[in-house]
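Participant: Any chance you could fold what I've pasted below:
(chains A and B)
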Protein chains: 2
Amino acid sequence: MVATIKDIAKYTGLGLATISSYLNGGNVREENRKKIEAAIKELNFEVNEVARGLKTNKTKTIGVVIPELNINFCTEIITAMEDVLRNHGYATIVCDCRTNKELEKNAVDFLFRKRVDGIINMPVNSDGSHLSCFHKAKKPIVLIDRKINGIECDYVLVDNLTAAKNAIQRLIDNGHKRIGMVGGPEDVFTAQERMLGYKLALMEAGIVPEDRLIEHGDYTINGGARCLEKLVKNNRDMTAVFVANHEMTMGAVIGINELGVKIPEELSVIGFDNTEFARACKPKLTIVTQPKEEIGKNVAELILKRIAENKSEQEIEYKIIKLQTDIMEGNSIRNLKK
Amino acid sequence: MVATIKDIAKYTGLGLATISSYLNGGNVREENRKKIEAAIKELNFEVNEVARGLKTNKTKTIGVVIPELNINFCTEIITAMEDVLRNHGYATIVCDCRTNKELEKNAVDFLFRKRVDGIINMPVNSDGSHLSCFHKAKKPIVLIDRKINGIECDYVLVDNLTAAKNAIQRLIDNGHKRIGMVGGPEDVFTAQERMLGYKLALMEAGIVPEDRLIEHGDYTINGGARCLEKLVKNNRDMTAVFVANHEMTMGAVIGINELGVKIPEELSVIGFDNTEFARACKPKLTIVTQPKEEIGKNVAELILKRIAENKSEQEIEYKIIKLQTDIMEGNSIRNLKK
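Facilitator: Residues are numbered from 1 along each chain as shown, chains lettered A, B, ... in the order given. Purely as a prediction, here's the structure:
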């Protein structure tokens, strides 16, 4: 039950005119101001942005919470998403949370108070508790890239397991057996999927995955450089490496350059996610590419659909859209069979 | 003069209770709803977000409008800025406008309706008319990177003229005389500054700038690649090139790789702005670096100061902070004097 101005009048014993004056920035006596503020707090009163001329409770605004603005994967998806939403008359409020669960919760709460019509989130918190306000209010939630147990909502995911499996398969097809992996954080869903794909491909080829060939980075450039250097230092027999996101791929290339290792003569590399960066590398990198534009479009269309249909929770059949990756050919893999 | 609920009551002839019911999502007869909506539109009524429990008209929210989320320069500044603002209890609403003046105006209006306490903008529109609502409401405006004639506000700028001049000087010191320039869009302030710095450095060295050695890109990766290819094709005597932003530097490196031109043996390169990308290049690029973190911090501190002081316009002495760039040494410049 949402509190109205009437409830505040009842609670404070003041007239509607005084309260409306307060709410619209007019002059109100100090003692009345205090009473009204206490009532607002107590009754959890929130003013609709009806001023925007909407009949319903809709603000035509959608909230977006991502881990980092500096992650190219995030910004490219947002750009594609915003284009669709804008064409449907929706504004977006984008918040990043520096990969911090507390800041993520703050951002979600902030957007809820701003009365966004729905929320799009690439979640940092893997238990989903930060989304409970939207869940309780039955406002649409669409999650990107990372599956969360126990939260009922729509998802747009990438088949990261197959992505990694295909990448490793490509290396195996070229005769590589000692293949290193620069993986992501162990508590991030996509990183787990990619690690599983790596191990699965090796197992299917009869190769036992070895811990010494695996490093876990933090999805940052510096992390990628550090992991690559460790792998090279600890594994003289390593002939190839797979790096599991764009930022770490950039870091790995920096590490390789600064160690003076030659691609692909001394080390074959398969990276992740950014075709422009891959083309700027020398030699051109072979990389796994994610369908970022398609992700953005699907996310936008899904949330627009949910907002439009306005069904009760029992009636909704939540969707999990899973998109496939591709491989862009470069010159960073040496064929050991030749 | 801001319209109040009373004004709407007067305009419609309805009681305050009916209007407050409407505003809080309650049931209102269809004909009354229409009347109220007409009044809201006519009187330009806007509801404060007083619900957040603030005494004053402050929402503790700051709006940010940038040209593109995909520009690394923008996201790094935002990240640094948000850290400072967050520590002072401010949330940020970030909008990008796809380098489109109309979308920029929409974003600014949207943020104004959201009653942000101030606006930070890297402007696309160079006449500043899109900011008039903030200007009229005497809400703080801080502009980043691009100076606009006639708008009275604070600025955090980079000394791009000296930046470009120093870059060209570095090439001249190494014996280069036929130096190409991949410049930005002719109507963007920073691009004009960098072009001027390029020409000035040449003139001071007794070299007449030549049009054939200048291409104007659009600050994108593809634009950079296109310009580089043109320059190489049209200027067999060109020994060096300066590229005037990060995205175009990435594009130029792609172009160079795909043409099979050798850095620095066949072409010396000095790029712009992203140390990680420069380190990932082979050979490592020499680049101009901008103090992005310092920009972000200065912007945040400036807007917080303006919000806190709450002075009348006559009393404010607007600040123009101009920061200096640096050069990060790489191996992409050949010394022709040796």
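Participant: where exactly do the helices run in chain A?
Facilitator: Under the criterion DSSP state H, helices of chain A are mapped to A:5-12, A:16-23, A:30-43, A:72-87, A:101-113, A:132-136, A:160-173, A:189-204, A:221-234, A:246-259, A:275-280, A:292-309.
Participant: Run through the stretch 1-150 of chain A and note the low-pLDDT ranges.
Facilitator: A:1-3, A:23-27, A:44-57 (pLDDT under 70).
Participant: A:Asp159: neighbour count?
Facilitator: Using other C-beta atoms under 10 Å in any protein chain shown, the number of residues around A:Asp159 comes to 16. From N, CA and C alone the C-beta is placed, and that goes for glycine too.
Participant: show me what contacts it?
Facilitator: Contacts for A:Asp159 (C-beta atoms under 8 Å, 6 or more residues apart in numbering or on different chains) come out as A:322-325.
Participant: Most neighbours among the residues you listed, which one?
Facilitator: In the contacts of A:Asp159, the most neighbours by other C-beta under 10 Å go to A:Thr325, 19 neighbours.
Participant: measure it to A:Phe272 for me?
Facilitator: As defined by C-beta to C-beta, to the nearest Å, A:Thr325 lies at a distance of 9 Å from A:Phe272.
Participant: how about the residue most central in space within chain A, what does it touch?
Facilitator: In chain A, the centroid-proximal residue (C-alpha atoms, centre = their mean) is A:Met122; its distance is 2.7 Å. A:Met122 is in contact with A:65-67, A:74, A:143-146, counting by C-beta under 8 Å, 6+ apart.
Participant: and if we set it to 6 Å?
Facilitator: A:Met122 makes contact with A:66, A:144-145, according to C-beta atoms under 6 Å, 6 or more residues apart in numbering or on different chains.
Participant: If we ignore the residues flanking it in sequence, what's nearest it?
Facilitator: Once flanking residues are discounted, A:Met122 sits nearest to A:Ile144: 4.4 Å by C-beta to C-beta, 6 or more residues apart in numbering or on different chains.
Participant: Residues of the stretch 101-250 of chain A that sit close to chain B?
Facilitator: A:110, A:221, A:250 (C-beta under 6 Å from any C-beta of the partner chain).
Participant: okay, the closest residue to the second one other than its chain neighbours: pLDDT?
Facilitator: Ranked by C-beta to C-beta, 6+ apart and with sequence neighbours excluded, the top spatial neighbour of A:Ile221 is A:Gly251, at 4.1 Å. A:Gly251 is assigned a predicted lDDT (pLDDT) of 97.
Participant: for A:Gly251, what are its contacts?
Facilitator: A:221, A:224-225.
Participant: so A:Val261 makes contact with A:Gly255?
Facilitator: No - the pair A:Val261 / A:Gly255 is not scored as a contact, 8.3 Å apart, by C-beta atoms under 6 Å.
Participant: quick one, which of those two is more surrounded?
Facilitator: Set side by side, A:Val261 and A:Gly255 show more neighbours around A:Gly255, with 26 against 15, by other C-beta under 10 Å.
Participant: quick one: the residue nearest to A:Met122 from chain B, how far?
Facilitator: A:Ile144 is 15 Å from chain B, where distance means C-beta to the nearest C-beta, to the nearest Å.
Participant: and if you look at A:Glu229?
Facilitator: Taking C-beta to the nearest C-beta, one finds A:Glu229 at 13 Å from chain B.
Participant: show me what contacts that residue?
Facilitator: For A:Glu229, counting by C-beta under 6 Å, 6+ apart, the contacting residues are A:Gly255.
Participant: Which of the contacts of A:Asp159 fall within strands?
Facilitator: Among the contacts of A:Asp159, the members found in strands (DSSP state E) are A:322-323.
Participant: which two from the contacts of A:Asp159 end up farthest apart in space?
Facilitator: Greatest spatial distance in the contacts of A:Asp159: A:Lys322 and A:Thr325, 10.7 Å, computed using C-beta to C-beta.
Participant: burial count for A:Gly183?
Facilitator: A:Gly183 has 24 nearby residues by other C-beta under 10 Å.
Participant: Tell me how far it lies from chain B.
Facilitator: As judged by C-beta to the nearest C-beta, A:Gly183 and chain B stand 20 Å apart.
Participant: what's the answer for A:Gly63, then?
Facilitator: 10 Å.
Participant: What count of nearby residues applies to that residue?
Facilitator: 25.
Participant: contacting residues for it?
Facilitator: Contacts for A:Gly63 (C-beta under 6 Å, 6+ apart) come out as A:93, A:111, A:116, A:119.
Participant: Looking at these, which one is closest to chain B?
Facilitator: A:Ile93 (5.0 Å; C-beta to the nearest C-beta).
Participant: correct me, but that closest one touches B:Val94?
Facilitator: No - counting by C-beta under 6 Å, A:Ile93 does not reach B:Val94; the two are 7.8 Å apart.
Participant: and the closest residue to A:His135 other than its chain neighbours, how many neighbours?
Facilitator: Nearest residue to A:His135, sequence neighbours excluded (C-beta to C-beta, 6+ apart): A:Ile141, at 6.7 Å. The local packing of A:Ile141 (other C-beta under 10 Å) involves 24 other residues.
Participant: Tell me the bridge partners for A:Ile141.
Facilitator: Beta bridges link A:Ile141 to A:Ile119 when assigned by DSSP bridges.
Participant: Quick one: residues contacting it.
Facilitator: A:119, A:131, A:134, A:153.
Participant: Same check on A:Leu103?
Facilitator: With C-beta under 6 Å, 6+ apart, A:Leu103 has these contacts: A:Cys97.
Participant: what about A:Ser129, distance to chain B?
Facilitator: Counting by C-beta to the nearest C-beta - A:Ser129 and chain B are separated by 20 Å.
Participant: Could you do A:Val208 as well?
Facilitator: Distance from A:Val208 to chain B, by C-beta to the nearest C-beta: 32 Å.
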